[in-house]
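Engineer: compute the structure for the input listed below.
(one chain, ligands or ions: 1)
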Amino acid sequence: PLTAETNSRGHLVIGGCDVVELVAQFGSPLYILDEITFRTACRQYVDTFQHSYGGDTLVLYASKAWNSLATCALAHSEGLGIDVASGGELYTALAAGVPASKIYFHGNNKSPQELLYALEVNCTIVADNWLELERLAAYAEEHDLGMPPRVMLRLTPGIECHTHEYIRTGHLDSKFGFDPQQFPELLRFARAHPELDWVGLHAHIGSQIFEQQPHLDLCIVLVEWLQAAREAMLPMRELNVGGGLGIRYIETDNPPAIAPWSKAISHHLSHACRDRNLALPKLICEPGRSIVGPAAVTAYTVGSRKTIPGLRTYIAVDGGMSDNPRPITYQAQYTALCANRMTAAATDTVCIAGKHCESGDILLPAATLPPLQPNDILVIASTGAYNYSMASNYNRLTRPAAVLVCEGEANLILQRETYADLTAHDVLPLRLTLTT
Ligand code: LLP
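Structural biologist: Reported below is the predicted structural model:
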């Protein structure tokens, strides 16, 4: 779906911009975000849910995938709300102009300050545990908040799916959400606390999921819980099916497309409600990776080469696990291109290494590319999700810049960090500055 092509100079072009020129202008490494790809994914979700469900729908951009002013503003301009998972993500979404009425606050350990912040700005709080519920009820009783705060309950649905164990969340042994065994108790608590507005129910089963069935199963579980809530005289009105739709990183990945996936979920949920004579709740879905993942690439500059005869050739680039921690964390796989020689024959199989002081800092263990030389521009595709948002300053590398490209125009959306940024929060105690 990336609007990528090759120009007459044999350079990769994204969003109408020559990637080699972008690196010359904005430096390296560089995240390049393609606006049309991002917007297209948003529209596919919004339109399909609207057309297929038959009731109210809301798509939230799971901003943890790439939270920044520009990405929140883009999602908002497409009519999406924003899923935030910390005070910092909430702050950014608000600063991007997203109204709190379209922000949902997640997290398994929101601090008292974060809860107060959420109450002050009046976003919806997705409660994850008893401590939060007790704190929320106490705050709402103590303070006159005008309107009762909107609260959703996150439950662990007990649904297994095939993805990396670190990013599975739906199985019962998960740190997230309430144990469904406690649902009757939760409903009693909710009835006893009318000072909170009990909006609905939430569940999320995991990320980078290719099968459709676990999400369909989840719809049924959610509808059964909704029915129980309504029978217990809690007129809940929203169901949030979470996110999780996977994307293609390598050729053999075969995820479902957004539209058929969204349609299947919409139909399944509306049928399940109709079968039980339940008025349709608002259907909420919160994808992150499938919106922003395919929309960005990272461009690096090629540096040193080391060949170990009979074993392998390492080609090092000017970034690595600090701008993309996914390979070292999840053994995530990616696809690479040589952006300045797109038409050259791919005859070399090399290992693309990062520049960090760590042997495991390998971005691609075996990439087949044209023979790479120093200063070539190497692009790794589909790095929009969980790259910048998980980036670090390991080895005191400065975090890369990011540009938004569209129809031949490039706009800076993240400034490259400077060395001064790196020490901006360091404090040197006076006694350490004294010389003997
Ligand atoms: N909703 C909730 C409650 C979530 O926890 C997540 C992701 C999402 C929505 C969005 O899921 P998505 O549509 O992006 O799959 N760092 C890992 C992924 C962690 C996912 C965390 N939660 C990675 O790089 O693969």
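
Engineer: ok, which stretches of the stretch 201-350 of the chain are strands?
Structural biologist: 238-240, 282-285, 296-308, 312-317, 336-338, 348-353 (DSSP state E, counting those that start in this stretch).

Engineer: got the angle between the longest one and strand 348-353?
Structural biologist: What that stands for is strand 296-308. Relative orientation of strand 296-308 versus strand 348-353 (axes from the mean of the first three to the mean of the last three CA atoms, to 10 degrees): 110 degrees.

Engineer: quick one: is strand 296-308 near the ligand?
Structural biologist: No. Strand 296-308 lies out of reach of the ligand by CB under 6 Å from any ligand atom, never closer than 13.4 Å. Yep, even glycine has a C-beta here, placed from its N, CA and C like the rest.

Engineer: and that strand, C-alpha only, in CSV?
Structural biologist: Extracted in CSV, the C-alpha atoms of strand 296-308 (Å, rounded to 0.1, in the frame of the first residue of the first chain):
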residue,chain,number,x,y,z
ALA,A,296,6.7,4.5,7.2
VAL,A,297,10.2,3.4,6.3
THR,A,298,13.6,4.1,7.9
ALA,A,299,16.4,5.3,5.7
TYR,A,300,20.0,4.7,6.9
THR,A,301,23.4,5.4,5.5
VAL,A,302,25.7,2.4,4.9
GLY,A,303,29.0,2.5,6.6
SER,A,304,31.6,-0.2,7.4
ARG,A,305,31.7,-3.7,6.1
LYS,A,306,33.3,-6.8,7.6
THR,A,307,33.5,-10.1,5.7
ILE,A,308,34.3,-13.3,7.6
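
Engineer: quickly run through the sheet partners of that strand, with directions.
Structural biologist: strand 30-34 (antiparallel), strand 312-317 (antiparallel), strand 377-380 (antiparallel) (DSSP bridges).

Engineer: point out the residues in this protein that sit beside the ligand.
Structural biologist: Going by CB under 6 Å from any ligand atom, the residues of the chain near the ligand are 62, 64-65, 83, 106, 167, 169, 204, 207-208, 242-245, 286-290, 326, 330, 385-386.

Engineer: now, of the residues you listed, which are buried?
Structural biologist: Buried members of the residues of the chain next to the ligand, scored by 16 or more other CB atoms under 10 Å, are 62, 64-65, 83, 106, 167, 169, 204, 207-208, 242-245, 286-290, 326, 330, 385-386.

Engineer: in helices, which of those residues appear?
Structural biologist: Among those, the members found in helices (DSSP state H) are 289, 290, 326, 330.

Engineer: ok, so of the residues you listed, who is nearest residue 341?
Structural biologist: Here the nearest of these to residue 341, counting by CB to CB, is residue 326; it sits at 25.9 Å.

Engineer: tell me the contacts of the residue nearest the centre of the chain?
Structural biologist: Residue closest to the average C-alpha location in the chain (CA atoms, centre = their mean): residue 65, at 1.9 Å. Residue 65 makes contacts with 288, 289, 291, 292, 293, 384, 385, 386, 389, as judged by CB atoms under 8 Å, 6 or more residues apart in numbering.

Engineer: before we move on, what about residue 341?
Structural biologist: Here residue 341 is in contact with 10, 370, 376 (criterion: CB under 8 Å, 6+ apart).

Engineer: same question, residue 148
Structural biologist: Residues near residue 148 by CB under 8 Å, 6+ apart: 140, 194, 195, 196, 197.

Engineer: low pLDDT regions in the stretch 51-200 of the chain?
Structural biologist: Applying pLDDT under 70 to the stretch 51-200 of the chain picks out residues 162-171.

Engineer: which residue ranges form the helices in it?
Structural biologist: Per DSSP state H, counting those that start in this stretch, the stretch 51-200 of the chain carries helices over the ranges 69-77, 87-95, 112-121, 130-142, 183-192.

Engineer: so which strand or helix has residue 28?
Structural biologist: Residue 28 belongs to no helix or strand when assigned by DSSP states H and E.

Engineer: and it, how many residues sit next to it?
Structural biologist: Counted with other CB atoms under 10 Å, residues neighbouring residue 28 total 21.

Engineer: my guess is it contacts residue 298. True?
Structural biologist: No. Assessed by CB atoms under 8 Å, residue 28 is found out of contact with residue 298, at 9.5 Å.

Engineer: list residues touching both of these two?
Structural biologist: Common neighbours of residue 28 and residue 298 (CB under 8 Å, 6+ apart) are 319, 400.

Engineer: residue 189 against residue 133, yeah?
Structural biologist: Yes. In this structure residue 189 lies within contact range of residue 133 using CB under 8 Å: 6.3 Å.

Engineer: if you count what's nearby, which of these two comes out ahead?
Structural biologist: Using other CB under 10 Å, the more surrounded residue of residue 189 and residue 133 is residue 133, with 20 against 17.

Engineer: and the more buried one, what is it in contact with?
Structural biologist: 127, 151, 186, 189, 193.

Engineer: outline the domain layout of the protein.
Structural biologist: Annotated domains of the chain cover 4-29+296-383+400-417, 35-292 [automatic domain parsing].
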